[in-house]
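Peer 1: build the 3D model from these lines:
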Amino acid sequence: MTIGDDGSRSTIYKRKGIGEREPVRGNKDFGDNLQFLADFSTNQTNSSSKPTQPIDVNNRFQVPSPSTRHQYVGFVGDEALLSIPNNCPKLTLLHLADTTSLGNTRGNPNHDGYTSEDARISHVTLVDFFSGLPLIEELVLDVCKNMRDSGLALEVLGSKCPKLRVLKLGQFHSVCMAVGSNLDGVALCEGLESLSIKNSADLDDMRLIEIGRGCGRLKRFEAIGCKRITVKGVRTLACLLTKSLVEVKISCCINLDAAGTLRALDPSPKFVI
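Peer 2: Okay, here's the model as predicted:
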């Protein structure tokens, strides 16, 4: 994956076979920072014997055959984001992550969780994006910019994507509200088995408890850079999910060091920490 010679285009590699790569030029409107990884569902075509031709998506980039990993460098906004479900509605796995998030896996414990800029993705677009991927099973979204008030869109994700099992979110704020006894937001994604939340500025103990109440099938939970969660919240989450939860990862949460995490999960020797 490289930047074009003129500095304004990115090079996209479509994997053709072992040791063989074909570069595809991206649109100059893409910036220089975003990596987009997508595995396309084998259900994308009706017959495996019929060759699959690349699809031209709004003249911006080419989509490879099913089950091929694709990479982009650049910024994805509303138009580019919606082109994914519009042209690939049978996706089962999609990773959309800023390259800086891949390199900084632990985060900054002193960071408040908010970035200086908000993402250029509207709530309406996010709702349409989720609605257009009914077969998605694994989804990673981390554009390293604020996605504020994301709870409503995540409710749509829960209702429109019943097969979703793995969800990783970065810079998503207000993933649920924890107001009263009603479940909302990501807590309505009841089929989740693995949930990772990174740099969510307002994720606190009450929201953790709501997630534990709503996502009763969770086997794995991860929190990175969420400064408001404490021993109480993690302990209650673990108690609510005692029948399913087997792995908990907590890092760069200023109120939860290693000793605090161990206290929160004690006496539960089955946990992998």
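Peer 1: so K249 touches E222, yeah?
Peer 2: Yes. Contact criterion CB atoms under 8 Å: K249 and E222 qualify, at 4.1 Å. Bear in mind the C-beta positions are built from the backbone N, C-alpha and C, glycine included.
Peer 1: so for the two, which residues contact both of them?
Peer 2: Counting by CB atoms under 8 Å, 6 or more residues apart in numbering, the residues touching both K249 and E222 are S196.
Peer 1: mind listing the strands for the protein?
Peer 2: Taking DSSP state E as the test, the strands found in the chain are 11-17, 20-25, 34-39, 55-57, 61-63, 69-70, 93-98, 138-147, 166-172, 194-198, 220-224, 247-251.
Peer 1: just the C-alpha atoms of stretch 186-198, please, in CSV.
Peer 2: Taking C-alpha atoms only, stretch 186-198 is exported to CSV below (Å, rounded to 0.1, in the frame of the first residue of the first chain):
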residue,chain,number,x,y,z
VAL,A,186,-25.3,-0.8,21.6
ALA,A,187,-27.1,-2.6,24.5
LEU,A,188,-29.7,-3.7,21.9
CYS,A,189,-27.1,-5.6,19.9
GLU,A,190,-28.2,-8.7,21.8
GLY,A,191,-26.5,-11.2,19.5
LEU,A,192,-23.0,-9.9,20.1
GLU,A,193,-20.3,-12.3,21.3
SER,A,194,-17.4,-9.9,21.3
LEU,A,195,-17.4,-6.2,21.9
SER,A,196,-14.5,-3.8,22.0
ILE,A,197,-14.9,-0.1,22.9
LYS,A,198,-12.0,2.3,22.5
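Peer 1: now it: average pLDDT?
Peer 2: For stretch 186-198, mean pLDDT rounds to 97.
Peer 1: what comes up buried for that stretch?
Peer 2: If you call a residue buried by 16 or more other CB atoms under 10 Å, then stretch 186-198 has these buried ones: 186-189, 192, 194-198.
Peer 1: now do the contacts for E137.
Peer 2: Counting by CB under 8 Å, 6+ apart, E137 touches 92-93, 163-166.
Peer 1: run the last query once more with 10 Å
Peer 2: Counting by CB atoms under 10 Å, 6 or more residues apart in numbering, E137 touches 41, 91-94, 161, 163-166, 191, 193.
Peer 1: excluding its backbone neighbours, what's nearest V166?
Peer 2: Spatial nearest neighbour of V166, excluding adjacent residues (CB to CB, 6 or more residues apart in numbering): E138 at 4.0 Å.
Peer 1: okay, now the unreliable bits of the stretch 1-150 of the chain?
Peer 2: Scanning the stretch 1-150 of the chain for pLDDT under 70 picks out the ranges 1-75, 100-113.
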